[in-house]
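Enquirer: when you get a sec, could you give me coordinates for this:
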Amino acid sequence: MHPARPVPHKAMKIILPDKSSREMRPGTMTVEELLRDLGFDPFDVIVSRNGTLVTEDAIVANDDEIRIIRIAHGG
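Expert: Modelled structure (predicted):
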């Protein structure tokens, strides 16, 4: 009999505005909490979760792919 192998926990993949990426294992949190943890102002970026735009109050979890896109301001 083989010993049980631990099941690997998935990590949240985050793609930053500069196209770099990082992985985090925060559990679940809101988009706003994630942005603040990463040092982004929610008014300066938009966020997609698994390819769909989401609002600041959307919940993200370890198995999500998050893309943070900087908004260009101007006039």
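
Enquirer: could you check which helix or strand contains residue 46?
Expert: In the assignment (DSSP states H and E), residue 46 maps to strand 45-49.

Enquirer: quick one: that strand to chain centroid distance?
Expert: 8 Å (C-alpha atoms, centre = their mean, to the nearest Å).

Enquirer: so that it lines up with my notes, have the first residue be 24 from now on.
Expert: Renumbered: residue one is now 24, and that last one reads strand 68-72.

Enquirer: strand partners (parallel or antiparallel) of that strand?
Expert: Paired with strand 68-72 in the same sheet, following DSSP bridges, are strand 75-77 (antiparallel), strand 88-93 (antiparallel).

Enquirer: any chance of those strands in a markdown table, with mean neighbour count and distance to residue 60 too?
Expert: For every residue, glycine as well, the C-beta is placed using N, CA and C. What follows is the strands paired with strand 68-72, written out as a markdown table (neighbours: other C-beta atoms under 10 Å; distance: least, C-beta to C-beta, whole Å):
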| stretch | mean neighbour count | distance to residue 60 |
| --- | --- | --- |
| strand 75-77 | 12 | 16 |
| strand 88-93 | 16 | 12 |
